[in-house]
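Chemist: attaching a predicted model along with its sequence, questions to come.
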Amino acid sequence: MPIRKPIDVGEAYDFAPIDAPIAAERQKAKRHYGVHPYFTRRPHNVVRRYIQHYSRPGDRVLDPFGGSGVTAIEAFLENRHGIQNDINPFANFVASGVVDLAQGKREEYLQGLSTIEKSTLELLQQIEQATPEDLAAIRARLTLPPNVELPKSSDVAHYHELFTERQLYALAALRMSIDALRPDHVRKAMLLAWSATLPKLTRTFLSAEGRAESRGGSSIFSIYRYKVAAKPVELPAWQTFHERALNIIAAKDEIDQTIELRRRTGGWFGEFETFTCDILDLAQDLKESVDYVFTDPPYGAHIAYLDLSVLWNVWLGQEVSEHDRERELIVGGELDLSESWYVTKLRASTRACLDMLRPDRWFSLVFQHWNFRYFEAILDAAEEGGADLRAAISQVGDPIWSMHKKKNRESVLAGELILTFYNRGGSRRRATGHFDMPSAVRHYLARSTEGVLYGEELFNHIVVEAWREGAISALNVTKDEFTALLREEGWEYSAATHQWHHGNRRKALF
Ligand SMILES: C[S@@+](CC[C@H](N)C(=O)[O-])C[C@H]1O[C@@H](n2cnc3c(N)ncnc32)[C@H](O)[C@@H]1O
């Protein structure tokens with residue numbers, strides 16, 4: 001693989017870090033929002049700001065846990081060389097699918113959509129109205145995906161049971177027509193639209209009571225397992241696909257406009273590359289060849305990505321090897337990966353990021369968890385790999401709170417902490433020290449003169465302070481103990497704002 005040198009502008013990279021949170025604009029970019037669902041997508045405007053700040057045009061920007069590709073796509077559009085890696089082929093399918101929209105003309109895509117309509121609409125209507133006997137006849141004309149076993153946590157045992165018969169056949173009919181499309185970039189774009197339609201046309205689609213049926217969502221993205229509805233909702237196949245295809249064409253328009261603007265103002269030279277492997281294997285190939293790493297690794301036992309991606313990987317024909325399944329950075333999942341595996345791997349992954357980075361470059365890692373051992377693994381590995389922690393920014397207060405946060409309130413840490421390191425080279429080990437957590441909490445609360453704060457900001461502050469004091473390994477507080485400490489100090493949690501308020505100070509202010 002050719003490795004380009006960054007553009008030499010004759011300045012060191014040792015500049016001041018970003019030192020304040022950036023408000024998330026989740027829904028503004030059509031290239032990320034509405035194109036295709038993925039788990040835990042990072043806000044593109046925050047990622048873009050970090051790329052602009054910590055790298056230069058022509059630089060190689062890597063996300064080794066790339067997911068839906070926000071980092072590498074934004075790098076590509078920012079005239080960098082975006083490098084997307086994910087162990088999950090489904091993630092790379094989404095990321096490359098978005099970048100490939102830069103190819104060809106809008107009219108070709110509209111033409112492709114109309115070809116699919118002409119060849120499938122009638123069959124889709126037949127499927128909708130078919131009797132059980134008719135369905136058996138229709139089935140003979142279609143190619144169905146393999147009926148593999150599903151992870152143990154699923155409500156149903158086999159792949160086909162994720163669908164009603166009509167859903168399975170409608171998706172197969174659409175797929176047949178898409179596979180025959182040409183040119184290839186149009187086929188890929190329509191396949192992306194089909195893939196985005198997939199979770200909507202399954203029994204995992206749960207519609208919320210009192211709202212239009214189509215307003216629901218798949219259990220894959222809300223409760224992170226294959227839960228199927230007792231009474232399945234069968235959304236109309238053509239309309240559902242058509243809507244997704246138009247979203248994709250809108251994303252193409254946006255990408256075309258961004259590139260065109262660059263062409264007219266200084267030139268366009270963005271590049272994009274993907275790898276599908278374990279981060280530690282990637283580090284063997286990309287040693288000291290990257291100018292900026294921005295990444296967001298999995299947070300413990302939260303989401304089993306490979307299990308939940310079976311829906312896509314199976315029907316897209318993307319194999320996941322046993323080697324990779326055993327190397328997924330998660331706790332639990334079908335292979336029941338242990339917590340000690342996760343901590344060891346998190347440590348090795350942090351170190352791998354630094355191994356791939358050139359000296360005198362930056363590395364940002366996004367994380368959030370109640371478990372101090374996870375932070376310890378990241379921070380210690382970075383230090384041992386020769387990186388200085390230069391910024392720790394709490395990104396909290398996102399206008400869209402997750403259902404999980406709304407339901408479980410203060411016991412859920414929302415938002416994330418962005419840890420940014422400067423790779424000065426060499427290696428160092430922090431001396432162990434002492435840290436008095438309750439007094440650090442009291443001290444922080446006493447400084448909050450406005451009487452209102454996010455618990456996450458305080459928690460993140462404690463993590464970083466304890467680590468700076470060389471005492472994170474001794475820190476051991478449960479979420480209940482942490483929130484009890486705030487209550488003892490006279491602070492109350494507001495479920496409306498998800499902030500903590502101090503009664504007396506609030507009265508003084510209002
Ligand atoms: C939190 S998600 C990243 C989401 C991404 N930031 C986005 O905006 O879409 C973490 C990703 O790490 C991937 N992953 C898990 N274990 C991995 C490993 N060992 N090597 C590479 N990728 C891995 C998962 O498949 C998942 O897509």
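Modeler: In hand now; what should we look at? As the structure is a prediction and not an experimental result, all values here were calculated from the model.

Chemist: so, low pLDDT: which residues of the protein?
Modeler: 1-11, 210, 399, 504-510 (pLDDT under 70).

Chemist: one more time with 80, if that's ok
Modeler: 1-11, 26-27, 208-214, 397-406, 427-428, 503-510 (pLDDT under 80).

Chemist: can you tell me which helix in it is longest?
Modeler: helix 237-264 (DSSP state H).

Chemist: and the gap between residue 131 and the ligand?
Modeler: 42 Å (C-beta to the nearest ligand atom, to the nearest Å). In short, each C-beta sits where N, CA and C put it, glycine included.

Chemist: which residue is the nearest non-sequential neighbour of the residue of the stretch 351-500 of the chain found nearest the ligand?
Modeler: Per C-beta to the nearest ligand atom, residue 366 is where the stretch 351-500 of the chain lies closest to the ligand, at 7.2 Å. Once flanking residues are discounted, residue 366 sits nearest to residue 296: 4.1 Å by C-beta to C-beta, 6 or more residues apart in numbering.

Chemist: number of nearby residues for that neighbour?
Modeler: 22 (other C-beta atoms under 10 Å).

Chemist: go ahead and confirm it touches residue 42.
Modeler: Yes: contact criterion C-beta atoms under 8 Å: residue 296 and residue 42 qualify, at 5.6 Å.

Chemist: excluding its backbone neighbours, what's nearest residue 111?
Modeler: Nearest to residue 111 is residue 186, by C-beta to C-beta, 6+ apart, at 7.5 Å.

Chemist: which ones are touching that neighbour?
Modeler: Shown in contact with residue 186 (C-beta atoms under 8 Å, 6 or more residues apart in numbering): 104, 108-109, 111-112.

Chemist: turn the residues you listed into CSV, columns for distance to the ligand and neighbour count.
Modeler: Formatted as CSV, the contacts of residue 186 follow (distance: C-beta to the nearest ligand atom, whole Å; neighbours: other C-beta atoms under 10 Å):
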residue, distance to the ligand, neighbour count
104, 25, 17
108, 28, 17
109, 24, 23
111, 31, 12
112, 26, 24
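
Chemist: near the ligand, which residues of the chain are found?
Modeler: 38, 40-42, 64-65, 67-68, 70, 85-88, 91, 278-279, 296-298, 305, 327-329 (C-beta under 6 Å from any ligand atom).

Chemist: repeat that for 5 Å
Modeler: With the criterion set to C-beta under 5 Å from any ligand atom, the chain comes near the ligand through 40-42, 65, 67-68, 70, 86-88, 91, 278-279, 296, 298, 305, 327-329.

Chemist: show me these that map onto helices.
Modeler: Within those, residues falling in helices by DSSP H are 70, 91, 279, 305.

Chemist: make TSV from these and add neighbour count and distance to residue 425 to it.
Modeler: TSV is the format used below for those (neighbours: other C-beta atoms under 10 Å; distance: C-beta to C-beta, whole Å):
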residue	neighbour count	distance to residue 425
70	27	29
91	26	31
279	23	21
305	23	33
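
Chemist: about what we covered before: parallel or antiparallel, which strands does the helix or strand where the residue of the stretch 351-500 of the chain closest to the ligand lies pair with?
Modeler: Here residue 366 sits within strand 357-367, counting by DSSP states H and E. Counting by DSSP bridges, the strands paired with strand 357-367 are strand 290-295 (parallel), strand 416-423 (antiparallel).

Chemist: distance check, the residue in the chain positioned nearest to the ligand against residue 87.
Modeler: Closest residue of the chain to the ligand, C-beta to the nearest ligand atom: residue 67 (2.5 Å). Distance, residue 67 to residue 87, using C-beta to C-beta, to the nearest Å: 11 Å.

Chemist: quick check: neighbours shared by those two?
Modeler: Taking C-beta under 8 Å, 6+ apart as the contact rule, residue 67 and residue 87 touch no residue in common.

Chemist: does residue 448 touch residue 502 like I think?
Modeler: Yes: using C-beta under 8 Å, residue 448 makes contact with residue 502 at a distance of 7.3 Å.

Chemist: which of these two has more residues huddled nearby?
Modeler: residue 502 (21 against 15).
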